[in-house]
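Student: Following is a predicted model, sequence given first.
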Amino acid sequence: MQASARVNGLLLAGVDSLVVGWPVDFFKFPEEERQTLRAAKEAAGKKLFGSDGAAFTWYGQDFSMKASGAKGYEWIFENGDLNVRLAAEARGGKVFPEVYVKFGSGFLWREGHENAWKATQDWLSTWAAIGGGKVSRADLCSDFAIPLPEIDLCSELVSRGRKRGKRAEVDMSEVADWQTGRKGTGYQVGKGDLMARIYDKREELLHTKKLWFEGLWRENGWDGDAPVTRFEFQFRRKALKEFNVDSPQDLEWQKRELWGYATEEWMTVRECSEDTNRARWPVKPFWEDVQAVGASFGTRTGITRFALSRPKYAMLLEQWRGLTKTMIALDMNTLGPEDRAWKHLDAAYDAIKKDPAFRAETRQRAARLSYMEVPGLKGH
């Protein structure tokens, strides 16, 4: 769908966060392969690897293993697409899902959440007898080329879903606005099973460095200068269950209803009027556009792996050039001729390349930035 056919100002709409748990009846790998997981965790705990983890390969995919697990999960490993928590024993999901996967936003936007889920499930099936996956968390979002709207959280924020016993029951008193210095950067509404976030997405990119979002926006009409506001709703397991969402496939079928419920029933932003019934106050124009996203929800542009990684590499290359010029200049002031400065820098690079700790850290960083290699997915 082209930008001209979309809601006014809409750049993107889709699933930005996804967490899925899979029960495991039994693990297919032999005991000696389990040792691969143990060895990687042990290596990650050594000072040589710092705090980033240890690189290892698991059933054709490169990962970085964390030095410690979490409650119920013996191993935690990740790459650029997935964060995987794995239990030591298979119990068929009687206590909790033995495999708990958080999908990276780059993977979701690159492939679409259904493709990412199916590819991951196929990969899991090569080494574990898994049951049906259940969505533990899903974040639905839309990005608009508009400034962050000013919202009076006390008067303009209206909830029509506060009656006891309804699935709309939410603590709407949990609201907050965020600031950077004197500049407002966003709002948060609700907590727990359903939460809304409205924020300056470009401001957030300064911290997350996910600059590939700008490429997605440009493909949908962004001029490179306009502000971008994100409207995001986080649904956790209890709320998803009430909409009969178990699998990511259910999420695909129900996401329009989820969006409609969140923007039309659970919360609205309205113009204040003299009417004593706040639910009859007129909806603010920008919120009407947010509500209308549901009609075209799920449209995505998609990005290739090259486009995902290139901006980051180009940025680092420019930083490297700048640092090199500064180092050469300093050495010319202390060592004399430019040739001597270059020899000194070359010697420093040689020492770095021969440093075992640096080489180990490079391998673990490569594992963390690797992407899933699954046959059938584009961009691979």
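Tutor: Looks like it came in fine. Values in this document were obtained by computation on a predicted structure and should not be read as measured data. Numbers count the residues shown, from 1 in each chain.

Student: Now the element after the helix or strand of the chain with the lowest mean pLDDT, going C-ward?
Tutor: Across the helices and strands of the chain, the lowest-confidence element by mean pLDDT, DSSP states H and E is strand 175-180, at a mean of 53. Proceeding N to C from strand 175-180, the next assigned helix or strand is strand 183-191, under DSSP states H and E.

Student: just checking, what packs against that following strand?
Tutor: Contacts defined by 3 or more Cβ pairs under 8 Å, 6 or more residues apart in numbering; DSSP states H and E place strand 183-191 against strand 175-180, strand 194-200, helix 201-208. Bear in mind the C-beta positions are built from the backbone N, C-alpha and C, glycine included.

Student: Okay, buried residues for that strand please.
Tutor: Residues 184-190 are the ones in strand 183-191 that count as buried (16 or more other Cβ atoms under 10 Å).

Student: mean confidence for it?
Tutor: With pLDDT averaged residue by residue, strand 183-191 scores 79.

Student: One more: stretch 294-305?
Tutor: In the prediction, stretch 294-305 has an average pLDDT of 55.

Student: Same question for stretch 128-146.
Tutor: Rounded mean pLDDT across stretch 128-146 is 95.

Student: now do stretch 344-364
Tutor: In the prediction, stretch 344-364 has an average pLDDT of 78.

Student: Can you give the distance from the longest strand seen in the chain to the centre of its chain?
Tutor: Ordering each strand of the chain by length in residues (DSSP state E) puts strand 10-22 first. Remark: strand 10-22 is offset 8 Å from the chain centroid, using Cα atoms, centre = their mean, to the nearest Å.

Student: Report the angle between that strand and helix 201-208.
Tutor: 50 degrees (axes from the mean of the first three to the mean of the last three Cα atoms, to 10 degrees).

Student: In terms of secondary structure, what does strand 10-22 contact?
Tutor: With contacts defined as 3+ Cβ pairs under 8 Å, 6+ apart, strand 10-22 has these neighbours: strand 99-103, helix 105-111, helix 113-125, strand 134-144, helix 212-218, helix 248-261.

Student: next helix or strand past the last one?
Tutor: What it means is helix 248-261. The first helix or strand that comes after helix 248-261 along the chain, using DSSP H and E, is strand 268-269.

Student: downstream neighbour of that following strand in the secondary structure list?
Tutor: Following strand 268-269 toward the C-terminus (DSSP H and E): helix 285-292.

Student: Show residues contacting that next one.
Tutor: With Cβ atoms under 8 Å, 6 or more residues apart in numbering as the test, helix 285-292 has contacts from 7-10, 142, 144, 146, 149, 231, 260, 263-264, 268-270, 283.

Student: now do 10 Å
Tutor: 6-10, 142, 144, 146-147, 149, 151, 156, 158, 198, 229, 231, 259-260, 262-264, 267-271, 282-284 (Cβ atoms under 10 Å, 6 or more residues apart in numbering).

Student: Return the distance of that helix from the chain's centre.
Tutor: 24 Å.

Student: Under the pLDDT cut-off, which ranges of this protein? List them.
Tutor: Across the chain, the ranges flagged by pLDDT under 70 are 1-7, 47-52, 160-184, 298-313, 315, 361, 363-380.

Student: Domain parsing of it, as residue ranges.
Tutor: Split into domains by automatic domain parsing, the chain comes to 24-131+304-380, 139-296.

Student: any chance of these in a markdown table, plus distance to residue 14?
Tutor: Output for those, formatted as a markdown table (distance: least, Cβ to Cβ, whole Å):
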| stretch | distance to residue 14 |
| --- | --- |
| domain 24-131+304-380 | 7 |
| domain 139-296 | 7 |
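
Student: re the thing from before, out of the helices and strands packed on strand 183-191, which is the most enclosed?
Tutor: strand 194-200 (a mean of 21; mean count of other Cβ atoms under 10 Å).

Student: Strand partners (parallel or antiparallel) of that strand?
Tutor: When pairs are called by DSSP bridges, strand 194-200 turns out to pair with strand 183-191 (antiparallel), strand 229-236 (antiparallel).

Student: how far away is residue 110 from residue 79?
Tutor: Plainly put, residue 110 is 13 Å away from residue 79 if you go by Cβ to Cβ, to the nearest Å.

Student: excluding its backbone neighbours, what's nearest residue 243?
Tutor: residue 254 (5.2 Å; Cβ to Cβ, 6 or more residues apart in numbering).

Student: List the contacts of that neighbour.
Tutor: 138, 235, 240, 243-245, 261.

Student: Quickly list what residue 191 is bridged to.
Tutor: residue 194.

Student: Just give the nearest non-adjacent residue to the residue most central in space within the chain, would you?
Tutor: Residue closest to the average C-alpha location in the chain (Cα atoms, centre = their mean): residue 105, at 3.4 Å. Excluding the flanking residues, the one nearest residue 105 by Cβ to Cβ, 6+ apart is residue 16, at 5.2 Å.
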